[in-house]
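*Asks:* predicted model and sequence below, questions to follow.
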Amino acid sequence: MKELLSHSLTMTDRDLRRLARQPWWIVVTLVQPVIWLLLFGPLFKGIANIPGFHAHSYIQFLTPGVVIMTAFFSGGWNGMATIDDLNRGVVDRLLVSPLRRSAFFIGHVLQTSVSIIIQAAIIVVLAYAMGAHFANGALGLLVLFTAAVLLGGSLNAVSNGLALIFRREETLIATLNVFMLPLTFLSSAFMQQNLIPHWMQVGARFNPLNWAVQASRSAISSGTDWGSVGTHLGLLAGLLVVCMAFARRTIHTYQSSV
Amino acid sequence: MNQQRLNGNAIEIESLVKVYKGAVRALDGIDLVVPAGSVFGLLGPNGAGKTTAVKIASTLSFPTSGTIRVAGIDVVAHPRQVREAIGVVGQVSGVDVNLNGRENLRLQGLIRSIHGRELKQRVNELLEQFGLADSAKRVARNYSGGMQRRLDIATALVHRPQVLFLDEPTTGLDPEVRTEMWQEIERLTHEEGLTILLTTHYLEEADRLAAKLAILDRGKVVATGSPEELKQELEGDTIHVELREDAPDGTIRAALENVKGIRQLDHDVRCLRARVEHGATAIPLVLQALESKGLAVDSVSVSRPSLDDVYMRYTGREFARADEEGARQQSPAGEEKR
């Protein structure tokens, strides 16, 4: 256990150093959420006037969606770095060392968590400046960040696992796009759940991105349903465990193919 | 972490077979014994299976069948213990180009539970030894090819392994840097008693560095011994002839068919290489035979047997040509390419 922790932190440290040397990467990943906030916010302002829409303003409604989607994509694209590591022989060198296999993925997840928290903090500050309110104070934000980290971490593990299976950038990009894009829209990230078509509502129920959006939106709005927040966070934690287990298995798949 | 010297055999490979998906038989039952404390060369053209053998012995890839023990430990049953005992420098550099030299070394140390002052000391020692002390804080992305290679080897040595795998360590390096690398490899075995398994497709490299070598061809070991032994087994000389113009198909072989004393012949349209009993006697006969078929000769030379001749004796083809063929076959979807 001590070794697993030490190895995981060693890997996190490596990934964070890489990130620190490419600080522009954080900026790049923030371009999209900022565009969502700055453009979608005013563009769909009128949505707040639709009968049955509960939030005070669309910005208020959109903010948790933007934070969660940013975490979702941050985690999801993380496998690209692993493809780079594969091409450079870095993965092979790690695999012929006594490195604990899980530490390889835990390291990536922890690094992604750090970037997600930085990104989420920036988005929250921006949204606040644009007039969004956050109910429940620090606790609400804690739920928002936790949901973002659990979801981003899960995506990160899947992405890195797929990277080891596919070993090619093109295949990884194509695969990730196929399931990440639909999941973003099959959710209440942009539109209140009861206002989207029925079949989408059903789909959204099984969509982890939606779990994270629901939990965090409820936690930062007044009249929080803590039971539902807890359930959704629990589901997300379970997802992370499943995704890590999947990732761990891909090492064997990779080693069988080289 | 004091280095234990190995006694006896560092690596033992028995009937190793590796079949890749799509039925590529990369290794077709190889047996090898690598004695401890010296450089063992695995020589073969591109695509012979050298890298596959290293990947399996270093616990990266799994064998289809056969047994492999490294430092006395079975690689399939106890990969973790094997990993503690080995250092690996792959064909593709394993240097993390986003980290600087010191960070690369530290990372390997931390993975191997070397911490604190001990780690710092070892890292400094290696930076000094491999001439990287001045560039320790530079990100490895900005290192030259030679420097990256040196860092690569240094990171494989942080934990003082008993066996070091070097998979084509000098491929892609300038001749000058290559010579430096050779000196470093020699120093590692002579001064530190390290066992090194070195794969190469440079005959000259194998000849210079390997105390013993195995020649690998199409997934099989075709010969083993010291470079000297292998060359001495070949009696006679080798003659090389270069023609003035390309010869029509079949004419070279036809011309030399009945020349006495030719043991083996390999040629393309322009050059031929023949192993003969006695160079001085064979040359006039060969020239006469070629000219009688209207093949004008540009140059002739005679030499003592080289590793190239050893390779040719066992495989029937010239090394350089096999190497090119192997590279060609590999480039679309080869076994050693990822």
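*Replies:* Yep, that arrived. Numbering: from 1, shown residues only, chains lettered A, B, ... in the order given.

*Asks:* show me which residues of the stretch 151-258 of chain A sit near chain B.
*Replies:* Proximity of the stretch 151-258 of chain A to chain B (CB under 8 Å from any CB of the partner chain) is limited to residues A:167, A:255, A:256, A:257, A:258. Every C-beta, even on glycine, is put in place using the N, C-alpha and C of the backbone.

*Asks:* what about residue B:204, how many residues close to it?
*Replies:* By other CB atoms under 10 Å in any protein chain shown, 13 other residues sit near residue B:204.

*Asks:* again, but for residue A:214
*Replies:* Number of residues near residue A:214 (other CB under 10 Å) recorded here: 24.

*Asks:* from chain B, how far out is it?
*Replies:* With distances taken as CB to the nearest CB, to the nearest Å, residue A:214 is found 37 Å from chain B.

*Asks:* circling back to that earlier point, who wins for most neighbours among the residues of the stretch 151-258 of chain A next to chain B?
*Replies:* residue A:258 (20 neighbours).

*Asks:* state the distance from it to residue A:166.
*Replies:* For residue A:258, the distance to residue A:166 (CB to CB, to the nearest Å) stands at 13 Å.

*Asks:* which residues in chain A form helices?
*Replies:* Assigned by DSSP state H, the helices in chain A fall at A:2-21, A:24-35, A:41-43, A:58-76, A:79-87, A:90-95, A:101-129, A:137-166, A:169-185, A:198-205, A:208-220, A:226-257.

*Asks:* now render those helices as TSV, adding mean pLDDT.
*Replies:* Output for the helices of chain A, formatted as TSV (pLDDT from 0 to 100):
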stretch	mean pLDDT
helix A:2-21	94
helix A:24-35	84
helix A:41-43	81
helix A:58-76	94
helix A:79-87	95
helix A:90-95	97
helix A:101-129	95
helix A:137-166	97
helix A:169-185	93
helix A:198-205	90
helix A:208-220	96
helix A:226-257	97
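
*Asks:* okay, these in TSV with distance to residue B:213 next?
*Replies:* Putting the helices of chain A into TSV (distance: least, CB to CB, whole Å) gives the following:
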stretch	distance to residue B:213
helix A:2-21	37
helix A:24-35	47
helix A:41-43	70
helix A:58-76	48
helix A:79-87	30
helix A:90-95	24
helix A:101-129	35
helix A:137-166	34
helix A:169-185	38
helix A:198-205	63
helix A:208-220	56
helix A:226-257	28
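
*Asks:* can you map out the strands along the stretch 101-250 of chain B?
*Replies:* Assigned by DSSP state E, counting those that start in this stretch, the stretch 101-250 of chain B shows strands spanning B:163-167, B:195-200, B:212-217, B:220-225, B:237-243.

*Asks:* which of the helices or strands spans the residue of the stretch 51-200 of chain B found nearest chain A?
*Replies:* Per CB to the nearest CB, residue B:94 is where the stretch 51-200 of chain B lies closest to chain A, at 3.0 Å. Using DSSP states H and E, residue B:94 sits in no helix or strand.

*Asks:* next, count neighbours for it.
*Replies:* By other CB under 10 Å, 26 other residues sit near residue B:94.

*Asks:* is it true that it touches residue A:95?
*Replies:* No: checked against CB atoms under 8 Å, the pair residue B:94 and residue A:95 is beyond contact range at 9.9 Å.

*Asks:* the residue of chain A found nearest chain B: what's it in contact with?
*Replies:* Across chain A, no residue is closer to chain B than residue A:93, which sits at 3.0 Å (CB to the nearest CB). Contact analysis of residue A:93 by CB atoms under 8 Å, 6 or more residues apart in numbering or on different chains lists B:88, B:90, B:94, B:155.

*Asks:* kindly recompute the last result at 7 Å.
*Replies:* Residues near residue A:93 by CB atoms under 7 Å, 6 or more residues apart in numbering or on different chains: B:88, B:90, B:94.

*Asks:* save these as CSV, and put in pLDDT too.
*Replies:* Shown next, in CSV, are the contacts of residue A:93 (pLDDT from 0 to 100):
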residue, pLDDT
B:88, 97
B:90, 91
B:94, 92
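
*Asks:* just for chain B, where's the confidence low?
*Replies:* Applying pLDDT under 70 to chain B flags residues B:1-7, B:331-338.

*Asks:* roughly how far does the residue sitting furthest away from the middle of it sit from chain A?
*Replies:* Residue farthest from the centre of chain B, counting by CA atoms, centre = their mean, is residue B:292 at 41.5 Å. Residue B:292 sits 54 Å away from chain A when distances are taken as CB to the nearest CB.

*Asks:* and that residue, what does it touch?
*Replies:* Counted by CB under 7 Å, 6+ apart, residue B:292 has contacts residue B:255.

*Asks:* and for residue A:232, the neighbour number?
*Replies:* Other residues within reach of residue A:232, judged by other CB under 10 Å, total 24.

*Asks:* cool, and residue A:240?
*Replies:* Count around residue A:240 with other CB under 10 Å applied: 21.

*Asks:* and if you look at residue A:166?
*Replies:* By the criterion of other CB under 10 Å, residue A:166 has 20 neighbours.

*Asks:* shouldn't it be in contact with residue A:172?
*Replies:* Yes: contact status for residue A:166 versus residue A:172: in contact at 5.0 Å, counting by CB atoms under 7 Å.

*Asks:* give the residue farthest from the middle of chain A.
*Replies:* Ranked by distance from the centre of chain A (CA atoms, centre = their mean), the top residue is residue A:51, with 31.1 Å.

*Asks:* which parts of chain B sit against chain A?
*Replies:* Within chain B, the positions lying close to chain A (CB under 7 Å from any CB of the partner chain) are B:55, B:58-62, B:80, B:83-84, B:88, B:90, B:92-94, B:96-99, B:103, B:107-108, B:110-112, B:139, B:338.

*Asks:* now the buried members of those residues.
*Replies:* For the residues of chain B next to chain A, a burial check counting by 16 or more other CB atoms under 10 Å in any protein chain shown picks out B:55, B:58-62, B:83-84, B:88, B:90, B:92-94, B:96-99, B:103, B:107-108, B:110-112, B:139.

*Asks:* which of those fall within helices?
*Replies:* Of those, the ones assigned to helices by DSSP H are B:55, B:83, B:84, B:103, B:107, B:108, B:110, B:111.

*Asks:* give the contact list for the nearest residue to residue A:168 once chain neighbours are set aside.
*Replies:* Nearest non-adjacent residue to residue A:168, counting by CB to CB, 6 or more residues apart in numbering or on different chains: residue A:83, 7.1 Å away. Neighbouring residues of residue A:83 by CB under 7 Å, 6+ apart: A:163, A:167, A:169, A:172.

*Asks:* tell me the contacts of the third one?
*Replies:* Taking CB under 7 Å, 6+ apart as the definition of contact, the neighbours of residue A:169 are A:80, A:83.

*Asks:* mind redoing it with 10 Å?
*Replies:* Contacts for residue A:169 were tallied using CB atoms under 10 Å, 6 or more residues apart in numbering or on different chains; they are A:79, A:80, A:83, A:84, A:86, A:87, A:163.

*Asks:* isn't the second one up against residue A:173?
*Replies:* Yes: the pair residue A:80 / residue A:173 is scored as a contact, 7.8 Å apart, by CB atoms under 10 Å.

*Asks:* who is residue B:220 paired with across the strands?
*Replies:* Beta bridges link residue B:220 to residue B:217, judged by DSSP bridges.

*Asks:* correct me, but it touches residue B:27?
*Replies:* Yes: counting by CB under 10 Å, residue B:27 is a contact partner of residue B:220 at 8.2 Å.
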